[in-house]
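Peer 1: kindly generate the corresponding structure for this input.
(one chain, ligands or ions: 2)
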Amino acid sequence: MRVKMILPALTEASSPFFRPIKYSLFPPLGLATLAGYLDPGDEVTLTDEHVQKVDVSDEPDLVVIQVYITSARRAYELADHYRAKGAHVCLGGLHVTSLPDEAAAHADTIFCGPGEDTWPRFLADLRAGRPAPRYDSSERTLAGLPPVRRDLIDRRRYLVPNSIVVSRGCPHVCDFCYKEAFFEGGKSFYTQTVDAALGEIDRLPGRHLYFLDDHLFGNARFAGALFDGMRGMGRLWQAAGTVQSVLRPGLLEKAVESGLRSLFVGFETVNAGNLKEQRKWQNIDRDYGQVIRRLHDHGVMVNGSFVFGMDQDDPSVFERTVEWAVGQGIETATFHIMTPYPGTRLYARMEKAGRILHRDWDRYDTRTVVFKPARMTATQLEDGYWRAYRNFYRWRNIARGAASKPTLRGKARHAAYAGGWKKFEPAWDVVIRAKRAGAALPLLESVLSGFGARPAGARAGRPAAAPGERPAGDTPVTIAETRLS
Ligand code: B12
Ligand code: SF4
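Peer 2: Numbers count the residues shown, from 1 in each chain. Ligands and ions are numbered 1, 2, ... in the order given. The predicted model follows:
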């Protein structure tokens, strides 16, 4: 069987004019996972439109497309094209799960939820000549997962070819998050076995890893055993974690010893009221400053994630957030405009209140306002979002953040990491066009490792700061107090 797998891109990512590095970071892991279930005799190709053109002149038997909200329009266009040519077209992924009826109009078969149970079932049905129009996932396990078909990925095109997920979902229930809707009908947080995860890590070449798990630290027992197993492997890794998990005693230390050097942390907002509204319980009353100090004390760089436009935000939120983040010495920040994805509780709430402005999914890209904000205009929100990015990444602010690091090496690492993402975009564009994003990986590794330094917290005999411990005279600041007004 000739199988064509496609990860379509949103318009910006395939633009002939300018391509941000973020679209050349990670390969299409979801599709490479599904490819693992195909037969050895199947002829399979995997095209990631973020980094290569889709050749639509071929005649595959089966077309498999992963649909995100921002790439839905393009996904449907490709699906219609291949259906007209007689291929059996499968659509799955987050957006299909949110709006199955919309997707079904463009597919022979749709898939809701994760694919590990439904996809092998479909393949068996297809080979038996009776494929169903819809499959809903209900059995949630990663046991017996076949090896991810990384051989289908052109590693040179990605800055981070070694992306990996060892769990699915998250134990929390934030209102704006995709995950409750996607995992409906079964478990919404589960992990591989530690041995299987270590086995997959072992198969990855090179040194650097990026865990794309929603919450790698979500099951402390699993995470602790994983980090123990990784110790001594010589890895250098990045991941995402919650405020709460950073404060948990012991786990961060193990992570650092096994190679953690940068963590994406969902702070989300500097307004405490927003956290209650969004049911982000795990962040409420946490000392954000302590989280950052603890990470920095262990030599872990912080990518702070912030969402603008929640109902407690007024036009002062942008400056207050940037000022707080720079003052804390956060190395990189990712800002988002709050975006109600269909299927989430946030969307239902907004829709009921008549606050959804349009359903043009292309613009549900977290940079465009798609709902009516409560305490500012849509223009104020969008302008403020861009201003926050510009201000956070001004050289003056990068220098201020770097100055907060105690050593010269630490200052240089901060400046190189923060500057590297946003100040050299034209250089990234050239590298991407030359299909050589992977060539910059040694540079990333060098910066992450602090140019060869061992992080303070990982040094033998030097106890790392425990949660609750703080330098004398340093006043605790909880999220409620981070308001600068
Ligand atoms: C890595 C990542 C990226 C990477 C690369 C994406 C990639 N190569 O796949 C980059 C940086 C490019 C990116 C960009 C964006 N992203 Co992104 N990203 C992720 C992240 C962190 C991990 C994705 C991943 O690899 N998961 C692991 C694999 C194993 O799972 P999976 O891909 O979901 O695949 C499984 C199932 O979905 C299913 N499945 C998927 N497709 C199909 C098809 C069939 C036929 C079947 C049977 C099953 C199936 O089976 C797979 C195995 O279980 C997710 C968070 C998340 N947990 O999903 C956000 C996430 C997908 N991103 C999101 C967003 C909003 C964006 C951006 C718009 C952000 C922005 N402002 O730029 C852009 C645009 C994306 C686009 N192209 O349209 C949202 C999507 C919301 C939505 N409803 O679509 C998420 C969920 C983050 C969030 N919490 O809000 N992203
Ligand atoms: S902690 Fe993150 S991944 Fe988990 S539900 Fe909240 S937003 Fe989603």
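
Peer 1: how about the contacts made by Ala403?
Peer 2: Lys411 (C-beta atoms under 8 Å, 6 or more residues apart in numbering). To be clear about C-beta, it is placed using only N, CA and C from the backbone, and glycine gets the same treatment.

Peer 1: sorry, slip of the keys, the one I care about is Gly327.
Peer 2: When contacts are counted by C-beta under 8 Å, 6+ apart, Gly327 is found next to 400, 404.

Peer 1: quick check: phi and psi at it.
Peer 2: Main-chain dihedrals, Gly327, degrees, to the nearest 10: phi -60, psi -30.

Peer 1: ok, it to ligand 1 distance?
Peer 2: Distance, Gly327 to ligand 1, using C-beta to the nearest ligand atom, to the nearest Å: 25 Å.

Peer 1: swap in Ala103?
Peer 2: On the measure of C-beta to the nearest ligand atom, Ala103 and ligand 1 end up 10 Å apart.

Peer 1: buried ones in the helix or strand containing that residue?
Peer 2: Here Ala103 sits within helix 100-104, counting by DSSP states H and E. Going by neighbour count (16 or more other C-beta atoms under 10 Å), the buried part of helix 100-104 is 100, 102-103.

Peer 1: next secondary structure after it?
Peer 2: Following helix 100-104 in sequence order, the next helix or strand is strand 109-112 (DSSP H and E).

Peer 1: what lines up beside that following strand in the sheet?
Peer 2: If you go by DSSP bridges, strand 109-112 pairs up with strand 88-92 (parallel), strand 134-136 (parallel).

Peer 1: which residues touch the longest one?
Peer 2: Meaning strand 88-92. So strand 88-92 is in contact with 61-67, 75, 79, 82-83, 103, 106-112, 115, 118-119, 122, 126, 131, going by C-beta under 8 Å, 6+ apart.

Peer 1: change it to 7 Å
Peer 2: 61-67, 75, 79, 82-83, 103, 106-111, 115, 131 (C-beta atoms under 7 Å, 6 or more residues apart in numbering).

Peer 1: what's the answer for the last one, then?
Peer 2: For strand 134-136, the surrounding residues in contact (C-beta under 7 Å, 6+ apart) are 100, 109-113, 118, 121-122, 185.

Peer 1: of those, buried ones?
Peer 2: Neighbour-count burial (16+ other C-beta under 10 Å) applied to the contacts of strand 134-136 gives 100, 109-113, 118, 121-122.

Peer 1: now Glu43. Nearest residue, chain neighbours left out?
Peer 2: Excluding the flanking residues, the one nearest Glu43 by C-beta to C-beta, 6 or more residues apart in numbering is Arg2, at 4.9 Å.

Peer 1: Leu29 now?
Peer 2: Ser163 (5.6 Å).

Peer 1: and that neighbour, bridged to which residues?
Peer 2: Tyr210.

Peer 1: which ones are touching it?
Peer 2: Contacts of Ser163 by C-beta under 7 Å, 6+ apart are 26-27, 29, 210, 212.

Peer 1: who in the chain is up against ligand 1?
Peer 2: Applying C-beta under 6 Å from any ligand atom, we find that the chain lies next to ligand 1 at 7, 9-10, 13, 22-23, 25-26, 28-30, 33-34, 50, 64, 66, 68-71, 90, 92-95, 111, 114-116, 118-119, 165, 177-178, 212, 214, 341, 365-367.

Peer 1: burial check on the residue nearest to Asp360 when sequence neighbours are not counted, number of neighbours?
Peer 2: Of all residues not flanking Asp360 in the chain, Val370 sits nearest, at 7.8 Å (C-beta to C-beta, 6+ apart). Val370: 24 surrounding residues under other C-beta atoms under 10 Å.

Peer 1: what of Thr45?
Peer 2: By other C-beta under 10 Å, 14 other residues sit near Thr45.

Peer 1: which helix or strand contains it?
Peer 2: With DSSP H and E as the criterion, Thr45 is inside strand 43-48.

Peer 1: immediately after that strand, which helix or strand?
Peer 2: Heading C-terminal from strand 43-48, the first helix or strand you meet, by DSSP H and E, is strand 62-66.

Peer 1: and that following strand, what other elements does it pack with?
Peer 2: strand 2-7, helix 29-35, helix 72-84, strand 88-92 (3 or more C-beta pairs under 7 Å, 6 or more residues apart in numbering; DSSP states H and E).

Peer 1: so of the ones you listed, which one's packed in deepest?
Peer 2: When neighbours are counted by mean count of other C-beta atoms under 10 Å, the highest per-stretch mean among the helices and strands packed on strand 62-66 falls to strand 88-92, a mean of 25.

Peer 1: which residues touch whatever helix or strand comes next after that one?
Peer 2: Sequence-wise, the next helix or strand downstream of strand 88-92 (DSSP H and E) is helix 94-98. Applying C-beta under 7 Å, 6+ apart, the contact partners of helix 94-98 are 67-69, 72, 103, 110-113, 178, 181-182, 341-343.

Peer 1: can you pull the domain assignment for the chain?
Peer 2: Recorded structural domains for the chain (assignment: automatic domain parsing) are 2-136, 153-460.

Peer 1: dump those domains to CSV, plus mean pLDDT.
Peer 2: Formatted as CSV, those follow (pLDDT from 0 to 100):
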stretch, mean pLDDT
domain 2-136, 94
domain 153-460, 90
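
Peer 1: any chance of those in TSV with distance to Ala143 as columns?
Peer 2: Output for the domains of the chain, formatted as TSV (distance: least, C-beta to C-beta, whole Å):
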stretch	distance to Ala143
domain 2-136	9
domain 153-460	7
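
Peer 1: to Pro147, which of those domains lies closest?
Peer 2: Closest to Pro147 of the domains of the chain, according to C-beta to C-beta: domain 2-136, at 5.8 Å.

Peer 1: what about that closest one and ligand 2, touching?
Peer 2: No: residues of domain 2-136 are not located near ligand 2 by C-beta under 6 Å from any ligand atom, the shortest gap being 12.2 Å.

Peer 1: up against ligand 2, what does the stretch 101-250 of the chain have?
Peer 2: Near ligand 2, when you scan the stretch 101-250 of the chain using C-beta under 6 Å from any ligand atom, you find 170, 172-174, 177, 179, 214-215, 242.

Peer 1: switch to 8 Å and redo it
Peer 2: Within the stretch 101-250 of the chain, the positions near ligand 2 by C-beta under 8 Å from any ligand atom are 169-174, 176-180, 214-215, 218, 240, 242.

Peer 1: which among the residues you listed count as buried?
Peer 2: Here, 16+ other C-beta under 10 Å leaves 169-170, 172, 174, 176-180, 214-215, 218, 240, 242 buried among these.

Peer 1: make a markdown table from the residues you listed and add secondary structure to it.
Peer 2: Shown next, in a markdown table, are these (DSSP: H, G, I helix; E, B strand; the rest coil):
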| residue | secondary structure |
| --- | --- |
| Gly169 | strand |
| Cys170 | coil |
| His172 | coil |
| Cys174 | coil |
| Phe176 | coil |
| Cys177 | coil |
| Tyr178 | coil |
| Lys179 | helix |
| Glu180 | helix |
| Asp214 | coil |
| His215 | coil |
| Gly218 | coil |
| Ala240 | strand |
| Thr242 | coil |
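
Peer 1: picking up where we left off before, looking at the buried ones among the contacts of strand 134-136, which is nearest Gly299?
Peer 2: Distance to Gly299 across the buried ones among the contacts of strand 134-136 (C-beta to C-beta) is lowest for Gly113, with 38.3 Å.
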